[in-house]
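Undergrad: I need the structure of the sequence given here:
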Amino acid sequence: MKIGIAGSLESNDCLVTIKDSDVLSIKVQSIVDAFYHDQIVELIQTVLEDVNMAHVDVTVIDKGALNYTIKARLLTALHRMEASHA
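TA: Modelled structure (predicted):
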C-alpha cells in the first residue's frame with residue numbers, strides 16, 4: 001500500500017496522511033472544526049481534483065493551519081505517496 005505523510009502536530013500546522021483507496025475518503029479533525037470544517041474539506045477536494053487524484057484516503061489532523069499550509073502539506077504527502085514503494 002502506498003502512503004504519504006507530511007506535516008506535524010505543532011500549533012498552526014497540520015498532519016496529512018494519504019493512502020491508496022478504491023474510493024475518495026476525506027477525514028478532518030481540527031481544533032477549529034466547528035468554524036472551518038467545510039472549507040478545509042473543500043480545499044482538499046479542490047487540490048485533489050487539480051492533480052487528478054480521485055481514489056485516495058486522506059486524513060488531516062489540523063492544529064489551526066492556514067489554507068496555504070494545508071495545501072502544501074497535502075501536495076507533499078501526495079508526492080511522498082507516489083514516491084513510496086511499500
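
Undergrad: quick one: the strands in the chain?
TA: Counting by DSSP state E, the segments of the chain that form strands are 3-7, 14-20, 25-30, 56-62.

Undergrad: strands paired with the last one, and their directions?
TA: The one in question is strand 56-62. strand 14-20 (antiparallel), strand 25-30 (parallel) (DSSP bridges).

Undergrad: in stretch 19-38, what's buried?
TA: 19, 28, 30, 36 (16 or more other Cβ atoms under 10 Å). In short, each C-beta sits where N, CA and C put it, glycine included.

Undergrad: Please produce TSV containing the residues you listed, extended by distance to residue 46 and pLDDT.
TA: Formatted as TSV, the buried residues of stretch 19-38 follow (distance: Cβ to Cβ, whole Å; pLDDT from 0 to 100):
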residue	distance to residue 46	pLDDT
19	20	96
28	14	98
30	17	97
36	15	96
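
Undergrad: List just the nearest of these to residue 80.
TA: Nearest to residue 80 among the buried residues of stretch 19-38: residue 19, at 11.3 Å, using Cβ to Cβ.

Undergrad: which one is that closest one nearest to, not counting chain neighbours?
TA: The spatially closest residue to residue 19, leaving aside those adjacent along the chain, is residue 57, at 4.5 Å (Cβ to Cβ, 6 or more residues apart in numbering).
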